[in-house]
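Peer 1: My questions concern the predicted model and sequence given below.
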Amino acid sequence: MLHELFLLLSGHPSPLLTPSGLPPSFPLVSPSERALLSSLSSLGHLHISLRDACSVITTAHPSTIARAVASGISTFHLHAFRARILSVEQQVLSRSAGIVGGYDIVSLAKIMSGFEGWERTLSYLHSLTSAVGEMSGGQLINRLRADIHTGFPTLEAVSLHLLKIAETAWLREVSTWILYGRLPSSKDFFITESESVVLNPVNEEEAGVLKEYTVAKSRLPSFVTSDTASSILFIGRALSIIRLRGGANTEIASDTISPEMTLLPVHLSHLQSLQSPLSPQKLLTAVSEIRLSLSKHTLQTLLPASKIIDVVHVLREFFLLGRGEFAGAIVEQASEQVRNRWRRPGAGGVTGAPGVKFSSSSAVVKEGEVSSILTRTWGVLSSLQGEETTDERLDTARDLLYLSLVKPPPAASAASTPVHPRAKLGESFKDLLVGVPITLNFHLSWPLELFLQPADLEAYDAIFAYLVSVRRALIRLQALWRGRRYPPSPLAFSRSENRAAAKARREVIKKRESIERVVWATAGLNVFFLETLIGYWQGEVVEGAFGALMEVLDQGQEEAPEERQQQQENEDEDGDVWMAEGEGEDFRGAEEKSKEQQDPESLMREHHLYLSQLKRGLFLADHQFAPLLKKFLIASEALASRIERMGRRNHLTDLNITPDASTNDREVAECMASCRLVRNLLGMLVERLQRMDEERDIGGGELQFSGKKGGGGVGKIDRLLMRLDMANLRLGD
């Protein structure tokens, strides 16, 4: 019986001792002995089950952390249990007085006392391994961190040991990413690589090189804050790009160690200084030290703040239409391209909105036609400069920007990648400029990849399509409005014309003016709304957000010598010299500290905040205002088309060419219907603005920027509503 018992405890199945103990028909066993044998039997079967579970986890579980924990259970805790079995068996064989009594009788109670505490330990380990199958590495770490506080000292020691194993395995995964820029092989690492990265690559090589990484928050352990995860993502992404681009300096010989590899021992020491259980504050400190070290010795050399500022200015002037002549030129060239397309023989299309035609297929428009729009735009902008004037930002934009048709993503990628409803808002405006979806692309090259991501450029492209669509509608209506101020004079009445004919012509002109009064009033209201909206966007939202971003970007820039000298002279005019010297030292210390803090990751965070605030301030993120605005723009285009048709009809009437009466009445009815639609949509837009103003008053109406001292706000909607002042206008009539 003892041999059978020790074999079972060692992990060998027993036909005699089942998980519930001895069979009820087994003779010569007292109830107390049966109860002791049942407890020892359950202990042995726990050992067998735990060993099998650890074997399955170490060979089949996708998580490296789970495999490490299972291996730790098997090699340490189960090994300790087997060592305890050998110790008890040795005491039996040596006839130790603690277990063997008189007449060589072995007490089962004393054998049971030799395994005191192990039933609780093995039960805990069994429950842990049973739950590991459905856990990721981060969830397992969170479970172990919670198990530390169970209140049992033995279980606390076991949990601490397993937690150390799990966190060590997690740190190894992090070190692979944070030291070398390589994603670990584990499938449950919290940083993932996206599949579809570049929607419109210039060539095949660019599509293979540019990669985008994201943080899967569901896989994050509880001790990793969002700031820590963002820093880890930035460091690994930067190292990955440097590795793909051939190092920090491609002119250095291949046998020379790159600066980021020289810093490897220093960065590794920061990770090795961490002890389990990991503290969120200490982990953030270590990651921040690595980030600042990498930025100071490598990234700031590759991508200085001055280059970042130049790129941000280019994005501001061209994607956000900060340069007004660019907006006017590209709208004019796009409109000319559309007119030329419809002049071609056999040009056909489908009606997208009343009176507005769009091409039936994107194949009608060729890639070269779209790219030529921007080429001619550059020519127009260059002609506006003097012969000796050099516009560096225009030259930079000419090299980096290109216009192309939107290429739909592959079917497999589109089906596997869920699209957020808000992501479609910017996409819906891309077909308003030329009738087919087009995109303004930015050639993202090295080392700008350290600051900009493909997702940032997609956001800029969506904002560009949004703003240029509004600007296009405004320019077209303004052109019609200017033409109305100087209309062609109607033909004078001839002397040979009788009084009845003259009276009939006067009635026609009078009726025409009564109809046109409503139409032009609607067009004027439309122009006023769009002008006010664009002025608010550019003057309040974009300019305010850009100024706040520039405050952050300019902190790391050195002042010019003459500015520093002038500032010193102003400070030395009055005041105590010694006090001024002390204040100067404090100011220089604070200035040096602010410069040290401007690493590329901090600038990237501010830039992401800048983009998110732009989307909110431009109402692009509002899934009620943006669709309404698109309907309004389409209705405005239809109204402009009917105004042009009305002008041609009036010209024919003045030439005594009377059009068909039924056609005339139908066109008048359609024109009045367009006016009513535009006014209704305009009223709905104003109502939505008022509603958004009320909602933002509850949650803070101003757009806050972290770079603003004292939380300066930009772009309150009530300022736009005060400029509109449409409360007394009958928009719905």
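Peer 2: Nice, thanks for sending it over. Numbers count the residues shown, from 1 in each chain.
Peer 1: make it CA atoms for all contacts and neighbour counts henceforth
Peer 2: Will do.
Peer 1: how many neighbours does the closest residue to Leu183 other than its chain neighbours have?
Peer 2: Distances taken as Cα to Cα, 6 or more residues apart in numbering place Trp177 nearest to Leu183, at 5.4 Å, with adjacent residues excluded. For Trp177, the count of nearby residues is 21 (other Cα atoms under 10 Å).
Peer 1: Against Gln333, how distant is Trp177?
Peer 2: Using Cα to Cα, to the nearest Å, Trp177 is found at 47 Å from Gln333.
Peer 1: same question, Ala479
Peer 2: 15 Å.
Peer 1: same question, Leu271
Peer 2: For Leu271, the distance to Gln333 (Cα to Cα) stands at 57 Å.
Peer 1: Show the average pLDDT along the helix or strand Ser130 falls within.
Peer 2: Element membership for Ser130, per DSSP states H and E: helix 118-132. Confidence for helix 118-132, expressed as mean pLDDT, is 90.
Peer 1: Next, the buried residues of the helix or strand that that helix is followed by.
Peer 2: Later in the chain than helix 118-132, the nearest helix or strand by DSSP H and E is helix 137-147. The neighbour-count check on helix 137-147 (16 or more other Cα atoms under 10 Å) flags 137-145, 147 as buried.
Peer 1: Model confidence score at Ile235, please.
Peer 2: Value for Ile235, per-residue pLDDT: 89.
Peer 1: actually Arg316, not the one I typed
Peer 2: pLDDT, read off for Arg316, is 94.
Peer 1: The residue nearest to it when sequence neighbours are not counted: neighbour count?
Peer 2: Nearest non-adjacent residue to Arg316, counting by Cα to Cα, 6+ apart: Gly322, 5.8 Å away. Other residues near Gly322 come to 18 when the count uses other Cα under 10 Å.
Peer 1: Surely Gly322 is in a helix?
Peer 2: No - under DSSP: H, G, I helix; E, B strand; the rest coil, Gly322 falls outside any helix and is assigned coil.
Peer 1: Tell me how far Leu682 lies from Leu689.
Peer 2: With distances taken as Cα to Cα, Leu682 is found 11 Å from Leu689.
Peer 1: go on, Pro31?
Peer 2: According to Cα to Cα, Pro31 stands 82 Å off from Leu689.
Peer 1: Those two: who's more crowded?
Peer 2: Higher neighbour count among Pro31 and Leu689: Leu689, with 18 against 9, using other Cα under 10 Å.
Peer 1: what comes up buried for the host helix or strand of the more buried one?
Peer 2: Assigned by DSSP H and E, Leu689 belongs to helix 661-699. Buried positions in helix 661-699, judged by neighbour count with 16+ other Cα under 10 Å: 667-668, 670-672, 674-686, 688-690, 692-693.
Peer 1: Tell me where the stretch 101-250 of the chain has helices.
Peer 2: Assigned by DSSP state H, counting those that start in this stretch, the helices in the stretch 101-250 of the chain fall at 108-114, 118-132, 137-147, 153-180, 204-209, 226-244.
Peer 1: quick one, what contacts the nearest residue to Val224 once chain neighbours are set aside?
Peer 2: Spatial nearest neighbour of Val224, excluding adjacent residues (Cα to Cα, 6+ apart): Pro280 at 6.0 Å. By Cα atoms under 8 Å, 6 or more residues apart in numbering, the residues touching Pro280 are 223-225.
Peer 1: how about TSV for those residues, with distance to Ser276, pLDDT and neighbour count added?
Peer 2: Formatted as TSV, the contacts of Pro280 follow (distance: Cα to Cα, whole Å; pLDDT from 0 to 100; neighbours: other Cα atoms under 10 Å):
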residue	distance to Ser276	pLDDT	neighbour count
Phe223	11	92	18
Val224	14	92	18
Thr225	17	91	16
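Peer 1: mind listing which of these are in strands?
Peer 2: When those are checked against strands (DSSP state E), there are no matches.
Peer 1: any chance of the residues you listed in TSV, with distance to Val519 too?
Peer 2: Formatted as TSV, the contacts of Pro280 follow (distance: Cα to Cα, whole Å):
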residue	distance to Val519
Phe223	64
Val224	61
Thr225	58
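Peer 1: Val215 is in contact with Ser194, correct?
Peer 2: No - the pair Ser194 and Val215 fails to qualify as a contact (Cα atoms under 8 Å) at a distance of 10.3 Å.
Peer 1: So which of these two has more stuff around it?
Peer 2: Between Ser194 and Val215, counted using other Cα under 10 Å, Val215 has the larger neighbour count: 17 against 11.
Peer 1: Quick check: the gap between that one and Arg237.
Peer 2: Distance, Val215 to Arg237, using Cα to Cα: 11 Å.
Peer 1: Kindly report the same for Pro277.
Peer 2: 27 Å.
Peer 1: of the two, who's got more company?
Peer 2: Neighbours per residue (other Cα under 10 Å) separate Pro277 from Arg237, with Arg237 holding more: 25 against 18.
Peer 1: need the contact list for that one.
Peer 2: The contact partners of Arg237, by Cα under 8 Å, 6+ apart, come to 181, 213, 450.
Peer 1: Counting neighbours, go ahead and name the busier of Ala479 and Gln333.
Peer 2: Neighbour comparison, Ala479 and Gln333: the larger count goes to Gln333, with 19 against 11 (by other Cα under 10 Å).
Peer 1: Looks like the more buried one contacts Arg376 (just checking).
Peer 2: Yes - taking Cα under 8 Å as the definition, Gln333 is a contact partner of Arg376 at 6.9 Å.
Peer 1: per-residue confidence for Leu439?
Peer 2: Not Leu; residue 439 is Thr. So, for Thr439, pLDDT stands at 90.
Peer 1: Can you say which of the helices of the stretch 101-250 of the chain is nearest to Glu317?
Peer 2: helix 204-209 (25.4 Å; Cα to Cα).
Peer 1: Just the pLDDT for the residue positioned nearest the centre of the chain.
Peer 2: Nearest residue to the geometric centre of the chain (Cα atoms, centre = their mean): Ala455, 6.1 Å. Note on Ala455: pLDDT of 86.
Peer 1: Tell me which helix or strand it sits in.
Peer 2: Element membership for Ala455 (DSSP H and E) is helix 454-485.
Peer 1: what mean pLDDT does whatever helix or strand Leu381 lives in have?
Peer 2: Leu381 belongs to helix 367-383 when assigned by DSSP H and E. On average, the pLDDT along helix 367-383 is 87.
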